[in-house]
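Undergrad: sharing a model that was predicted from the sequence below.
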Amino acid sequence: MHLHHSDTSPDGHTHGPNGSGGSGGSPQRPGGRRALRVGLGGPVGSGKTATVAALCRTLRGELSIAVVTNDIYTREDAEFLLREAVLPAERITAVQTGACPHTAIRDDISANLEAVEDLEERLGPLDVILVESGGDNLTATFSKGLVDAQIFVIDVAGGDDIPRKGGPGVTTSDLLVINKTDLAPHVGADLEAMARDAKAQRGDLPTVLTAVKSTGGITPVAGWIRERLTAWTACPA
Ligand SMILES: Nc1nc2c(ncn2[C@@H]2O[C@H](COP(=O)(O)OP(=O)(O)OP(=O)(O)O)[C@@H](O)[C@H]2O)c(=O)[nH]1
């Protein structure tokens, strides 16, 4: 999907999907909808930031993207994304939660909501805003008032029994990413069992087993984002 092509937008202004130029006008997308807001949650170290980085690299040429990161006391995830130059600096905002990560994405979402709205106002029409939670436990989920869809990232090194253990992230997220499949032989993880347990917990909800740092590893996740965005754009505002 090419909602934004490289240099010249349908309004005749020149700004690439992820260049510095905002429209300066109201943040309207085709169909009048605001950006699709996608939350990424999951246990500490499962690969949330790596997933965000790979999504930005893969989608930034075709979509207008911004990112909000959440850390408890630091800005480390945002600083990593800035160092890796996955997006121009003005497209990355860090929220310091100062408390349990799930509080800021579920109970008191005001700081995140403000960050998301500020990005959209500053940068003009955006297609997707990725909101990365700080690492938490299996019960952490996003408020539906903050995001429109949620990705839960777990990894094979965290134990191949995690899908079986369930919890709302595993059972109800819109996409479950079982990451670091490249490590499966080294940690003795049974990928087939993980896929089977995820299916049993999630029914028809999609699961991908992948290694987001490997070449092409992000492809199924990026494909899912494109599909969600198409559906989001087609919905009446
Ligand atoms: N082998 C392998 N390592 C990975 C993969 N994805 C991420 N990692 C590594 O796992 C570690 C943690 O990755 P992050 O992306 O920082 O994880 P995170 O979930 O954002 O971590 P927190 O924000 O601290 O909760 C880093 O050393 C990554 O390089 C993968 O697919 N395979």
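TA: Perfect, I can see it now.
Undergrad: quick one: mean pLDDT over the longest helix seen in the chain.
TA: Longest helix of the chain, by residue count under DSSP state H: helix 219-234. Mean per-residue pLDDT for helix 219-234: 96.
Undergrad: does the ligand sit close to it?
TA: No: using CB under 6 Å from any ligand atom, helix 219-234 never reaches the ligand; the gap is at least 11.2 Å. To be clear about C-beta, it is placed using only N, CA and C from the backbone, and glycine gets the same treatment.
Undergrad: who touches that helix?
TA: Outside helix 219-234, the residues that touch it by CB atoms under 8 Å, 6 or more residues apart in numbering are 1, 3, 29-31, 33, 36, 38, 51, 54-55, 58-59, 63, 127-128, 148-149, 151, 174-175, 177, 206, 208, 210, 212.
Undergrad: tell me the spacing between the nearest residue to residue 101 once chain neighbours are set aside and residue 235.
TA: Once flanking residues are discounted, residue 101 sits nearest to residue 134: 3.2 Å by CB to CB, 6 or more residues apart in numbering. Distance of residue 134 to residue 235, given as CB to CB, to the nearest Å: 30 Å.
Undergrad: what bridges to residue 130?
TA: When assigned by DSSP bridges, residue 130 has beta-bridge partners residue 38, residue 67.
Undergrad: out of residue 134 and residue 235, which sits in the busier spot?
TA: Ranked by neighbour count (other CB atoms under 10 Å), residue 134 and residue 235 place residue 134 first, with 26 against 9.
Undergrad: just the pLDDT for the more buried one.
TA: Turning to residue 134, the model gives it a pLDDT of 90.
Undergrad: hang on, isn't it packed against residue 98?
TA: No: contact criterion CB atoms under 8 Å: residue 134 and residue 98 do not qualify, at 10.5 Å.
Undergrad: the contacts of helix 219-234 in helices, which ones?
TA: 51, 54-55, 58-59.
Undergrad: ok, so of those, who is nearest residue 68?
TA: Using CB to CB, residue 55 comes nearest to residue 68 of the ones in helices among the contacts of helix 219-234, at 13.5 Å.
Undergrad: got the contact list for that closest one?
TA: Residue 55 neighbours (CB under 8 Å, 6+ apart): 65, 130, 218, 221-222, 225.
Undergrad: ok, and which of the contacts of helix 219-234 reach the ligand?
TA: residue 212.
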